[in-house]
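Trainee: Predicted structure and sequence below. I'll ask about it afterward.
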There are 6 protein chains.
Amino acid sequence: MNQLVTDFNEYRQRMNTLILSKNNLVMKRLWNLDTNTYEAGAIDTKTKEMLGLVASMVLRCDDCIKYHLGKCFELGISTEQLYEIFSVANIVGGSIVIPHTRRAAEYWEALHDKHQ
Amino acid sequence: MNQLVTDFNEYRQRMNTLILSKNNLVMKRLWNLDTNTYEAGAIDTKTKEMLGLVASMVLRCDDCIKYHLGKCFELGISTEQLYEIFSVANIVGGSIVIPHTRRAAEYWEALHDKHQ
Amino acid sequence: MNQLVTDFNEYRQRMNTLILSKNNLVMKRLWNLDTNTYEAGAIDTKTKEMLGLVASMVLRCDDCIKYHLGKCFELGISTEQLYEIFSVANIVGGSIVIPHTRRAAEYWEALHDKHQ
Amino acid sequence: MNQLVTDFNEYRQRMNTLILSKNNLVMKRLWNLDTNTYEAGAIDTKTKEMLGLVASMVLRCDDCIKYHLGKCFELGISTEQLYEIFSVANIVGGSIVIPHTRRAAEYWEALHDKHQ
Amino acid sequence: MNQLVTDFNEYRQRMNTLILSKNNLVMKRLWNLDTNTYEAGAIDTKTKEMLGLVASMVLRCDDCIKYHLGKCFELGISTEQLYEIFSVANIVGGSIVIPHTRRAAEYWEALHDKHQ
Amino acid sequence: MNQLVTDFNEYRQRMNTLILSKNNLVMKRLWNLDTNTYEAGAIDTKTKEMLGLVASMVLRCDDCIKYHLGKCFELGISTEQLYEIFSVANIVGGSIVIPHTRRAAEYWEALHDKHQ
């Protein structure tokens, strides 16, 4: 399942490079700000990534979910914690979140596979 | 087009098994409740599946649409009825529902193909 | 609670008149089409209004909900049936549908009050 | 109808002041960036405000709609043009946009009333 | 501003009582499950309420936001932490979240006012 | 990248033919109306396609985005203008629009590649 993680990161990186090459200032500044948002402050980075993940899940954005799953994995969030985030997302957002939860569950396994 | 139905069901089943194996109690109970919701009551199952389908269409969830299309097919909803559900979904949800209607129309044909 | 129904209908009517007075052809034709969509066909009007209601609930549009509640009331949908539509909307759309369900429940009582 | 415009602007201003007083850097920078986005560039400000309006309509955000209506009014967009933006928003977003169109139509009249 | 909190809680309580009086089993069980979701587990209640809040903000549900703000207040989340949750919600969900952030900021002050 | 454009158009055309073959009158009339909406009026076609594009982006509909990108390309919208539309969509809709912006950027290059 390793391929899933590699493909996601490679496409994301390639397209980000393309977009930034067009020199749209608003896009550049928005992306910088996006990075700043998840930096440690009154709330630690781990909790902020959890916030980013649950927000991405209820808005049903698979790529955003994958990105935050990668960060949650790096920051050492446990599988038990992850599934509690899933449960909040599914209760708030309803059964339409289930298909995204399936793909999130698959990607979470892939992240573990990649690092074995 | 048979493959479309088989692939959907196989992936769905495999990921459901993965998710349930993690023993998150809220997820388990939510999924049970999801099943209960569509059982016959004051409204019959056929109408309830129609409700599930139109809700999935306006929320633009392709996998949810496929699931309810499968149920509608099993319960004997006609193609003429189905396209009237499509028309409600497209009027309420607008032209952004059209791409999902395309994939729904394709899957509906696949369901018939599978059972020939 | 009678006032709730009267206020909704009066504002809706007044603004529809304003909008149509501007003679935008697309708007006019879209509104006609909206009316046609709920006419009896392969699916009866009662079921179509249920479809319109559940779609409005998961998309969380209070005024659309009120409109379809009015139609469901006129067509003799029972309170038990209504709450089964509520249950589908809440399962599919999640807990964010609850506040809209509260206002829908209030309006349903108002509709009964008005006709007593 | 004058009151509608005054109330909107007054509340918006008062709450913006409250939020900025808390000195959250991301919020401050995001709001600056929001302003920059609508400045003239390869696309003129009039068209950009039209873009902001149609985006606010399909996302069904009444306050965002009011804000962009105010800007469109200041920039001299005609009522005929406005209703063509309404028609795009209603076709793309469907009948759930109608209640927001009603409130937008009312606010547009209020803007004219205020400046008489 | 005290009135804002009292009105919200009173209406919410009155409508919940109305809805539960209709004895729809799915609705009852869903609401119980909703309560269970935010109980302490691998993630503490404070973090779970933060997750509920950010999810409600990006989905732009004012009443859901008020409910979770009440919980966050009770659990001792600081204003600085709250505004970092606001910043995540605004970055993920965009400028359409701003009007909801205004009402959230107002309600947060009201919660403090009520308890003085 | 030529293949991306061909695949999109071919699938779209094939499914549109399937859907229209079922003779649902509401669907047919809605699609005609959809075409009328983007015809020149008080607003020119170029601006209308920009409106359709930004609406599709904030609603995060990849196929709708591709369709309007095709039209924008045909009507001679420049890459600099396009990225300003992207910036409005990303500011209004937030970081969840980014993955759709990536696919839009890729498709825009593909459109140029196809016509070389």
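Mentor: Alright, I've got the coordinates. Numbering: from 1, shown residues only, chains lettered A, B, ... in the order given.

Trainee: what sits against A:Lys46?
Mentor: For A:Lys46, the residues meeting the contact criterion (CB atoms under 8 Å, 6 or more residues apart in numbering or on different chains) are A:72, A:75-77. (Each C-beta comes from the backbone N, C-alpha and C, glycine too.)

Trainee: Same question for A:Glu49, what's its three-state structure.
Mentor: Going by DSSP: H, G, I helix; E, B strand; the rest coil, the secondary structure assigned to A:Glu49 is helix.

Trainee: The longest helix seen in chain A near chain F anywhere?
Mentor: Looking across chain A with DSSP state H, the single longest helix is helix A:2-20. Yes - in this structure, helix A:2-20 sits against chain F according to CB under 8 Å from any CB of the partner chain; the contacting residues are A:11-12, A:15-16, A:18-19.

Trainee: who does that helix touch, helix- and strand-wise?
Mentor: helix A:25-37, helix A:62-74, helix A:98-114, helix F:98-114 (3 or more CB pairs under 8 Å, 6 or more residues apart in numbering or on different chains; DSSP states H and E).

Trainee: Just checking the distance from stretch A:66-79 to the centre of its chain.
Mentor: Averaged C-alpha coordinates place stretch A:66-79 at 8 Å from its chain's average position (CA atoms, centre = their mean, to the nearest Å).

Trainee: at contact distance from chain E, anything in that stretch?
Mentor: Yes - counting by CB under 8 Å from any CB, chain E is contacted by stretch A:66-79 at A:Ser78.

Trainee: Can you show me the CA trace of that stretch as PDB?
Mentor: Written as PDB, here are the backbone C-alpha positions of stretch A:66-79 (Å, rounded to 0.1, in the frame of the first residue of the first chain):
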ATOM      1  CA  LYS A  66      -4.500  12.400   3.500                       C
ATOM      2  CA  TYR A  67      -2.300  15.400   4.100                       C
ATOM      3  CA  HIS A  68      -3.400  15.700   7.800                       C
ATOM      4  CA  LEU A  69      -3.200  11.900   8.300                       C
ATOM      5  CA  GLY A  70       0.500  12.100   7.200                       C
ATOM      6  CA  LYS A  71       1.100  14.900   9.800                       C
ATOM      7  CA  CYS A  72      -0.800  13.000  12.500                       C
ATOM      8  CA  PHE A  73       1.200   9.900  11.800                       C
ATOM      9  CA  GLU A  74       4.500  11.900  12.000                       C
ATOM     10  CA  LEU A  75       3.400  13.400  15.300                       C
ATOM     11  CA  GLY A  76       2.700  10.100  16.800                       C
ATOM     12  CA  ILE A  77      -1.100  10.100  17.100                       C
ATOM     13  CA  SER A  78      -2.200   6.600  18.000                       C
ATOM     14  CA  THR A  79      -4.700   4.500  16.000                       C
END
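
Trainee: Just the buried positions in it, please.
Mentor: Residues of stretch A:66-79 classed as buried under the neighbour-count rule (16 or more other CB atoms under 10 Å in any protein chain shown) are A:66-73, A:77.

Trainee: buried subset of the residues of helix A:2-20 next to chain F?
Mentor: When neighbours are counted using 16+ other CB under 10 Å, the residues of helix A:2-20 next to chain F contain these buried positions: A:12, A:15, A:19.

Trainee: for the residue nearest to the last one when sequence neighbours are not counted, what are its contacts?
Mentor: Pointing back at A:Ile19 there. Spatially, and ignoring its direct neighbours in sequence, A:Ile19 is nearest to F:Ala105 (5.1 Å; CB to CB, 6 or more residues apart in numbering or on different chains). Applying CB under 8 Å, 6+ apart to F:Ala105 gives the contacts A:15, A:18-19, A:22, F:86.

Trainee: before we move on, back to that, so can I have TSV of the helices and strands packed on helix A:2-20 showing mean pLDDT?
Mentor: Written out in TSV, the entries for the helices and strands packed on helix A:2-20 read as follows (pLDDT from 0 to 100):
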stretch	mean pLDDT
helix A:25-37	97
helix A:62-74	98
helix A:98-114	95
helix F:98-114	95
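
Trainee: Of all these, which one comes closest to F:Leu59?
Mentor: helix F:98-114 (9.4 Å; CB to CB).

Trainee: The closest one: which residues count as buried?
Mentor: F:98-108, F:110-111, F:114.

Trainee: try stretch A:11-31
Mentor: When burial is assessed from 16+ other CB under 10 Å, stretch A:11-31 yields the following buried residues: A:12, A:15, A:19, A:24, A:26-27, A:29-31.

Trainee: ok, now stretch A:45-63?
Mentor: Of the residues in stretch A:45-63, those buried under the neighbour-count criterion (16+ other CB under 10 Å) are A:46-63.

Trainee: picking up where we left off before, between the buried residues of stretch A:11-31, which is nearest chain E?
Mentor: Ranked by distance to chain E (CB to the nearest CB), the buried residues of stretch A:11-31 are led by A:Leu30 at 8.4 Å.

Trainee: residue contacts, the closest one?
Mentor: When contacts are counted by CB under 8 Å, 6+ apart, A:Leu30 touches D:33, F:87, F:90-91, F:95.

Trainee: Then A:Cys72?
Mentor: Applying CB under 8 Å, 6+ apart, one finds that A:Cys72 lies in contact with A:46, A:49-50, A:53, A:82.

Trainee: Return the member of those nearest to chain C.
Mentor: For the contacts of A:Cys72, the minimum distance to chain C (CB to the nearest CB) is 16.3 Å, reached by A:Leu53.

Trainee: Make sure that closest one is actually in contact with A:Ile65.
Mentor: Yes - in terms of CB atoms under 8 Å, A:Leu53 counts as a neighbour of A:Ile65; the distance is 6.7 Å.

Trainee: Identify the residues contacting the closest residue to chain C within chain A.
Mentor: Using CB to the nearest CB, the point where chain A gets nearest to chain C is A:Gly94, with a distance of 3.0 Å. Listed by CB under 8 Å, 6+ apart, the contact set of A:Gly94 reads C:58, C:90-97.

Trainee: again, but for A:Leu20
Mentor: For A:Leu20, the contact set (CB under 8 Å, 6+ apart) comprises A:27-28, A:31.
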